[in-house]
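Q: 3D model of this:
(one chain, ligands or ions: 1)
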Amino acid sequence: MDADPAVFPYLDAVAALNGVSTTPWVQRFEKVRKKDLKQTDILFGGDICFWDELVKPVGTMIDRAIDAGVGTIVIGDPERPTFHQMAEKAIQRHGGELLNWRLTGSVKATGALLVIHND
Ligand SMILES: C[S@@+](CC[C@H](N)C(=O)[O-])C[C@H]1O[C@@H](n2cnc3c(N)ncnc32)[C@H](O)[C@@H]1O
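A: Purely as a prediction, here's the structure:
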(Lines give C-alpha, C1' and ligand atoms only; values in the text may rest on other atoms or scores of the structure.)
Protein backbone atom coordinates (compact mmCIF):
# COMPACT_ATOMS: atom_id res chain seq x y z
CA MET A 1 0.00 0.00 0.00
CA ASP A 2 1.23 3.45 -0.87
CA ALA A 3 -0.38 6.79 -1.68
CA ASP A 4 1.70 7.04 -4.87
CA PRO A 5 0.78 4.62 -7.69
CA ALA A 6 4.18 5.20 -9.32
CA VAL A 7 5.91 3.04 -6.67
CA PHE A 8 4.25 -0.23 -7.62
CA PRO A 9 6.49 -1.15 -10.61
CA TYR A 10 9.42 -1.06 -8.15
CA LEU A 11 7.47 -3.22 -5.69
CA ASP A 12 6.77 -5.68 -8.51
CA ALA A 13 10.49 -5.84 -9.37
CA VAL A 14 11.45 -6.58 -5.75
CA ALA A 15 8.62 -9.12 -5.45
CA ALA A 16 9.85 -10.92 -8.60
CA LEU A 17 13.40 -11.09 -7.19
CA ASN A 18 11.97 -12.68 -4.04
CA GLY A 19 9.57 -15.05 -5.82
CA VAL A 20 6.44 -13.61 -4.21
CA SER A 21 3.35 -11.88 -5.56
CA THR A 22 1.76 -8.64 -4.37
CA THR A 23 -1.61 -6.93 -4.64
CA PRO A 24 -1.13 -3.18 -5.06
CA TRP A 25 -3.38 -0.89 -3.03
CA VAL A 26 -3.24 2.87 -3.64
CA GLN A 27 -4.31 4.40 -0.36
CA ARG A 28 -3.25 6.96 2.23
CA PHE A 29 -2.40 5.90 5.78
CA GLU A 30 -5.08 8.33 7.00
CA LYS A 31 -7.77 6.44 5.08
CA VAL A 32 -6.96 2.91 6.25
CA ARG A 33 -9.91 1.72 8.33
CA LYS A 34 -10.29 -1.08 10.84
CA LYS A 35 -12.40 -3.06 8.34
CA ASP A 36 -9.58 -2.89 5.76
CA LEU A 37 -7.27 -4.71 8.20
CA LYS A 38 -9.64 -7.42 9.42
CA GLN A 39 -8.03 -10.16 7.29
CA THR A 40 -4.45 -8.99 7.88
CA ASP A 41 -2.03 -11.14 9.90
CA ILE A 42 1.03 -8.88 9.80
CA LEU A 43 1.31 -5.16 9.03
CA PHE A 44 4.78 -4.22 7.77
CA GLY A 45 5.86 -0.66 7.02
CA GLY A 46 9.25 0.50 5.73
CA ASP A 47 10.42 4.11 6.10
CA ILE A 48 6.90 5.56 6.33
CA CYS A 49 7.25 8.08 9.17
CA PHE A 50 9.67 10.66 7.80
CA TRP A 51 7.72 13.93 8.21
CA ASP A 52 6.13 15.57 11.26
CA GLU A 53 2.79 15.30 9.43
CA LEU A 54 3.12 11.50 9.31
CA VAL A 55 3.54 10.90 13.07
CA LYS A 56 -0.20 11.02 13.76
CA PRO A 57 -1.48 9.12 10.66
CA VAL A 58 1.01 6.27 11.08
CA GLY A 59 0.20 6.06 14.82
CA THR A 60 -3.52 6.02 14.08
CA MET A 61 -3.06 3.30 11.46
CA ILE A 62 -1.30 1.19 14.12
CA ASP A 63 -4.17 1.86 16.58
CA ARG A 64 -6.64 0.66 13.95
CA ALA A 65 -4.54 -2.44 13.21
CA ILE A 66 -4.55 -3.33 16.91
CA ASP A 67 -8.34 -2.82 17.04
CA ALA A 68 -8.76 -4.99 13.93
CA GLY A 69 -6.84 -7.85 15.55
CA VAL A 70 -3.74 -7.72 13.34
CA GLY A 71 -1.33 -10.14 15.06
CA THR A 72 2.01 -8.43 14.49
CA ILE A 73 3.02 -4.93 13.46
CA VAL A 74 6.56 -4.16 12.27
CA ILE A 75 7.66 -0.69 11.19
CA GLY A 76 11.27 -0.32 10.07
CA ASP A 77 13.08 2.99 9.84
CA PRO A 78 16.57 4.48 9.47
CA GLU A 79 15.81 6.16 12.81
CA ARG A 80 14.42 9.52 11.89
CA PRO A 81 13.27 11.59 14.91
CA THR A 82 9.68 11.42 13.65
CA PHE A 83 9.81 7.61 13.68
CA HIS A 84 10.98 7.66 17.31
CA GLN A 85 8.17 10.07 18.28
CA MET A 86 5.59 7.79 16.69
CA ALA A 87 7.15 4.60 18.12
CA GLU A 88 7.35 5.96 21.68
CA LYS A 89 3.65 6.83 21.66
CA ALA A 90 2.68 3.49 20.08
CA ILE A 91 4.66 1.53 22.70
CA GLN A 92 2.99 3.55 25.49
CA ARG A 93 -0.44 2.64 24.09
CA HIS A 94 0.09 -0.95 22.98
CA GLY A 95 3.38 -2.25 24.38
CA GLY A 96 6.02 -3.56 22.01
CA GLU A 97 9.70 -2.93 21.59
CA LEU A 98 12.34 -1.22 19.49
CA LEU A 99 14.97 -3.50 17.97
CA ASN A 100 18.19 -2.23 16.43
CA TRP A 101 19.20 -3.64 13.07
CA ARG A 102 22.36 -3.41 11.02
CA LEU A 103 23.37 -4.50 7.51
CA THR A 104 27.02 -5.48 7.34
CA GLY A 105 27.32 -6.85 3.77
CA SER A 106 28.13 -4.82 0.67
CA VAL A 107 25.38 -2.35 1.68
CA LYS A 108 25.99 -0.89 5.12
CA ALA A 109 23.04 0.57 6.98
CA THR A 110 21.58 0.83 10.47
CA GLY A 111 18.09 1.42 11.74
CA ALA A 112 15.38 0.34 14.13
CA LEU A 113 12.29 -1.85 14.01
CA LEU A 114 9.17 -1.09 16.02
CA VAL A 115 7.65 -4.50 16.79
CA ILE A 116 4.24 -4.86 18.43
CA HIS A 117 2.72 -8.27 19.11
CA ASN A 118 -1.05 -8.22 19.43
CA ASP A 119 -1.83 -11.87 20.08
C1 LIG B 1 10.69 6.82 1.97
S2 LIG B 1 9.43 6.10 0.94
C3 LIG B 1 9.45 4.39 1.47
C4 LIG B 1 8.85 3.51 0.44
C5 LIG B 1 8.82 2.01 0.79
N6 LIG B 1 7.94 1.78 1.92
C7 LIG B 1 10.19 1.48 1.04
O8 LIG B 1 10.52 1.13 2.17
O9 LIG B 1 10.97 1.42 0.10
C10 LIG B 1 7.97 6.72 1.72
C11 LIG B 1 6.69 6.36 0.99
O12 LIG B 1 5.59 6.82 1.78
C13 LIG B 1 4.57 7.20 0.89
N14 LIG B 1 3.64 8.09 1.63
C15 LIG B 1 3.89 9.33 2.10
N16 LIG B 1 2.83 9.81 2.77
C17 LIG B 1 1.87 8.84 2.70
C18 LIG B 1 0.54 8.74 3.20
N19 LIG B 1 -0.02 9.75 3.91
N20 LIG B 1 -0.16 7.61 2.96
C21 LIG B 1 0.41 6.59 2.23
N22 LIG B 1 1.67 6.64 1.73
C23 LIG B 1 2.39 7.74 1.96
C24 LIG B 1 5.29 7.87 -0.26
O25 LIG B 1 4.51 7.88 -1.44
C26 LIG B 1 6.55 7.02 -0.37
O27 LIG B 1 6.43 6.01 -1.36
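Q: any weak-confidence spans in this protein?
A: Within the chain, not a single segment meets pLDDT under 70.
Q: Walk me through the domains of it.
A: Using automatic domain parsing, the domain ranges for the chain come out as 1-31, 40-117.
Q: May I ask you to name the longest strand in the chain?
A: Among the segments of the chain that qualify as a strand by DSSP state E, the longest is strand 108-117.
Q: Neighbouring strands - and their directions - for that one?
A: Sheet pairing for strand 108-117, assigned by DSSP bridges, gives strand 72-77 (antiparallel), strand 97-104 (antiparallel).
Q: deepest of those, which one?
A: strand 72-77 (a mean of 20; mean count of other Cβ atoms under 10 Å). (Each C-beta comes from the backbone N, C-alpha and C, glycine too.)
Q: Run the chain-centre distance for the helix or strand following that one.
A: Following strand 72-77 in sequence order, the next helix or strand is helix 81-94 (DSSP states H and E). Centroid separation for helix 81-94 versus its chain: 13 Å, with Cα atoms, centre = their mean, to the nearest Å.
Q: Could you report the neighbour count for the spatially closest residue to Ser21 that is not a sequence neighbour?
A: Closest residue in space to Ser21, ignoring its immediate chain neighbours: Ala15 at 6.3 Å, by Cβ to Cβ, 6 or more residues apart in numbering. Ala15 has 13 neighbouring residues, counting by other Cβ atoms under 10 Å.
Q: ok so Ala15 is a helix residue?
A: Yes. Ala15: assigned to a helix according to DSSP: H, G, I helix; E, B strand; the rest coil.
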